[in-house]
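Visitor: Take this sequence and fold it.
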Amino acid sequence: MADEHFTKGHLATLVVTSLIGVGFGAGWWFSAAPSVPGAATALVVAGVVVTLALVGWLVRIGRLGAGLPAGGGRERSPFGRRYGLAVLVMVVAIMAGARVLTGVFALPQAVPAWVLLVVGLHFVPFVGIFGSRRFLLLAVLLCAVAGLAAVLGGAAGLDWAWWAVPGFGGALVLWGTTAAALVDTAGVIGRRASAA
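Guide: Predicted structure coming up:
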């Protein structure tokens with residue numbers, strides 16, 4: 001998006017989506033920490049530090065954007081029917097797939113990889129909903145991490161990979177794409193302030 005079109009409405013959308021990314025990244029990280037028993041406490045502390053740092057950065061970006069022009073009222077919000085449908089389909093697919101993996105195939109250990117795959121796929125329609133190709137990259141990366149977990153956990157027989165790869169990998173992808181969005185937004189806000 002061109003700098004001159006970036007408004008407080010866009011910033012609000014960025015704040016919401018970034019908080020979702022940071023929060024779910026933390027959830028993935030903390031779910032994986034017990035998979036490394038000797039380092040679980042250190043991993044939890046590291047996850048808390050990263051989460052707080054990203055939230056602090058997000059608050060700073062929000063404050064820097066206070067001078068942005070208004071725009072993008074509620075009627076222009078991307079969090080409408082299509083967004084809700086994408087989330088609903090994701091939740092149903094997660095629950096159905098988890099039941100099949102657990103009840104039919106007796107593979108409960110594969111559920112985290114399944115969840116990450118479905119979460120990744122649910123970002124594909126967000127490209128059109130939010131008008132950002134960054135969601136396509138997020139989808140591809142999350143699905144790749146889920147695939148890696150399946151290869152390492154299933155084909156290679158590395159049991160630790162079923163939790164550790166989706167957990168740490170999912171967190172790093174979510175946090176990394178959030179950080180990239182914050183860097184881009186800081187640049188837009190900085191350029192607008194310099195031009196004013």
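
Visitor: Any idea how many residues pack against Leu141?
Guide: Residues lying near Leu141 (other CB atoms under 10 Å) number 19. All C-beta atoms are positioned from the backbone trio N, CA, C, and that covers glycine.

Visitor: Now do the same contact list for the spatially closest residue to it that is not a sequence neighbour.
Guide: Once flanking residues are discounted, Leu141 sits nearest to Val173: 4.5 Å by CB to CB, 6 or more residues apart in numbering. Taking CB atoms under 8 Å, 6 or more residues apart in numbering, we find Val173 in contact with Gly25, Leu138, Leu141, Leu142, Val145.

Visitor: The longest helix along the chain - what's its average pLDDT?
Guide: Among the segments of the chain that qualify as a helix by DSSP state H, the longest is helix 161-195. On average, the pLDDT along helix 161-195 is 93.

Visitor: Now, the contacts of Val173 that are in helices?
Guide: Checked against DSSP H, the contacts of Val173 include these in helices: Gly25, Leu138, Leu141, Leu142, Val145.

Visitor: export these to a markdown table and tack on distance to Trp163?
Guide: Below are these laid out as a markdown table (distance: CB to CB, whole Å):
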| residue | distance to Trp163 |
| --- | --- |
| Gly25 | 16 |
| Leu138 | 21 |
| Leu141 | 18 |
| Leu142 | 16 |
| Val145 | 12 |
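
Visitor: wait, which of the residues you listed is closest to Ser77?
Guide: Leu138 (20.0 Å; CB to CB).

Visitor: hmm, back to that, return the distance of the residue nearest to Leu141 relative to Trp29.
Guide: 11 Å (CB to CB, to the nearest Å).

Visitor: Repeat that for Ala40.
Guide: 11 Å.

Visitor: ditto for Ala180
Guide: The value you get for Ala180 to Trp29, if CB to CB is used, is 18 Å.

Visitor: the more surrounded of the two?
Guide: Trp29 (24 against 13).

Visitor: quick one: pLDDT of that one?
Guide: pLDDT, Trp29: 98.

Visitor: where does the chain have low pLDDT?
Guide: Scanning the chain for pLDDT under 70 picks out 1-4, 72-76, 196.

Visitor: what do you get if the cut-off is 80, keeping everything else the same?
Guide: Low-confidence segments of the chain, defined by pLDDT under 80, are located at 1-5, 71-77, 192-196.

Visitor: where do the helices sit along it?
Guide: Counting by DSSP H, the helices of the chain are 8-32, 40-64, 81-99, 111-122, 126-130, 134-150, 161-195.

Visitor: Pick the most buried one from those.
Guide: helix 111-122 (a mean of 22; mean count of other CB atoms under 10 Å).
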